[in-house]
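Colleague: Dropping a prediction and its sequence here:
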Amino acid sequence: MVVICVDNTPILLQALKDNAVRAFPNADVQAFPLEEQAFAYAKSAGCDVLLSEINPPRLEGLRLAEKIKEMNPKVNIIFVTVCSESEHAKEVLRLRPSGYLTKEATDEQVLYELKNLRYAV
């Protein structure tokens, strides 16, 4: 299983990666500060779970999720955002994510989302 974490804030990126490793100790967990790097890795290794910030105002995380979902329609997507829950709700829901977290989410909340994915991996 391949888990890709994307966040441009180093401390938050490390927290996402740490939680993914705790949830899936045998998975290939990778962390990237840039969507382009994450997509390049997903193209070569695949992606079963994507934990990605949305990145306002350009919404790169949504675009990354769309591209990875084209490659793997059953990818589990968990969005992490600083936005209020209603700001990008339509776009987020269109992608049918497995979860949606704010950046203030606790480790327990992140682990809960990782343990309750939409698709089995």
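Modeller: Okay, I see it.

Colleague: got the contact list for the longest helix that the chain contains?
Modeller: Looking across the chain with DSSP state H, the single longest helix is helix 10-23. Here helix 10-23 makes contact (Cβ atoms under 8 Å, 6 or more residues apart in numbering) with 3, 5-7, 27, 29-33, 49, 51, 53, 80, 103, 107, 110-111, 114-115. In short, each C-beta sits where N, CA and C put it, glycine included.

Colleague: Show me what counts as buried in that helix.
Modeller: Residues of helix 10-23 classed as buried: 12-13, 15-17, 19-20, 23 (neighbour count, 16 or more other Cβ atoms under 10 Å).

Colleague: Make JSON lines out of those residues and add pLDDT and distance to R96.
Modeller: Converted to JSON lines, those look like this (pLDDT from 0 to 100; distance: Cβ to Cβ, whole Å):
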{"residue": "L12", "pLDDT": "90", "distance to R96": "24"}
{"residue": "L13", "pLDDT": "94", "distance to R96": "24"}
{"residue": "A15", "pLDDT": "92", "distance to R96": "25"}
{"residue": "L16", "pLDDT": "93", "distance to R96": "20"}
{"residue": "K17", "pLDDT": "95", "distance to R96": "24"}
{"residue": "N19", "pLDDT": "93", "distance to R96": "22"}
{"residue": "A20", "pLDDT": "95", "distance to R96": "20"}
{"residue": "A23", "pLDDT": "93", "distance to R96": "20"}
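
Colleague: in what helix or strand does L114 lie?
Modeller: Secondary-structure element containing L114, defined by DSSP states H and E: helix 107-115.

Colleague: Give me the residues contacting that helix.
Modeller: By Cβ under 8 Å, 6+ apart, helix 107-115 touches 15-16, 18-20, 22-24, 49, 51, 78, 98-99, 101.
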